[in-house]
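[1] Structure, please.
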Amino acid sequence: MSLIENVPNIKQELKAKYQIDVNFERAKENLEENDGAGNTFKATAKPVLIGTAVVGATTMIFSIIVLLTNGLTTNSEKLSILHPPFLLGLLAGGSIIYWFTGASMQAVTTGAYRAVEFIRRTSNWKV
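    I've put the predicted structure just below:
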């Protein structure tokens with residue numbers, strides 16, 4: 001994927017610096033096999049993870065409703081979209097999911113960028 005094999009004299013440079021013989025063709029085959037295994041795992045695990053998230057969110061919302069209504073015995077008339085605090089709670093609670101998702105995506109992006117910066121700063125490799 002990096003097209004490193006197109007760099008002139010790269011095999012000789014790797015042999016001289018690191019004493020390794022590189023087989024780029026075999027490496028790409030291994031990479032494709034492992035990538036396929038990862039994609040298969042992701043495709044099979046995703047429905048389970050989504051289902052778990054839905055069950056968890058539904059349980060959390062229902063437990064809050066039960067807590068606020070003393071086991072669905074009082075204040076059940078306030079569990080309406082027309083009741084402003086309830087509607088505001090649904091909107092605020094629903095938006096927290098997107099905030100956490102965005103924050104975790106930003107953390108991964110920042111971490112990956114810092115890793116690339118560190119590798120470029122500490123490496124003698126010039127491509």
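
[2] And the helix or strand of the chain with the lowest mean pLDDT, what does it pack against?
    Sorting the helices and strands of the chain by mean pLDDT, DSSP states H and E puts helix 24-68 at the bottom, at a mean of 83. Packed against helix 24-68, as judged by 3 or more C-beta pairs under 8 Å, 6 or more residues apart in numbering; DSSP states H and E, are no other helices or strands. The C-beta positions use only the backbone N, C-alpha and C, and glycine is treated the same way.

[3] I'd like the next helix or strand past it.
    helix 84-122 (DSSP states H and E).

[4] what about residue 104, distance to residue 47?
    20 Å (C-beta to C-beta, to the nearest Å).

[5] could you check the angle helix 84-122 makes with the least confident helix or strand of the chain?
    On the basis of axes from the mean of the first three to the mean of the last three C-alpha atoms, to 10 degrees, helix 24-68 is oriented at 160 degrees to helix 84-122.
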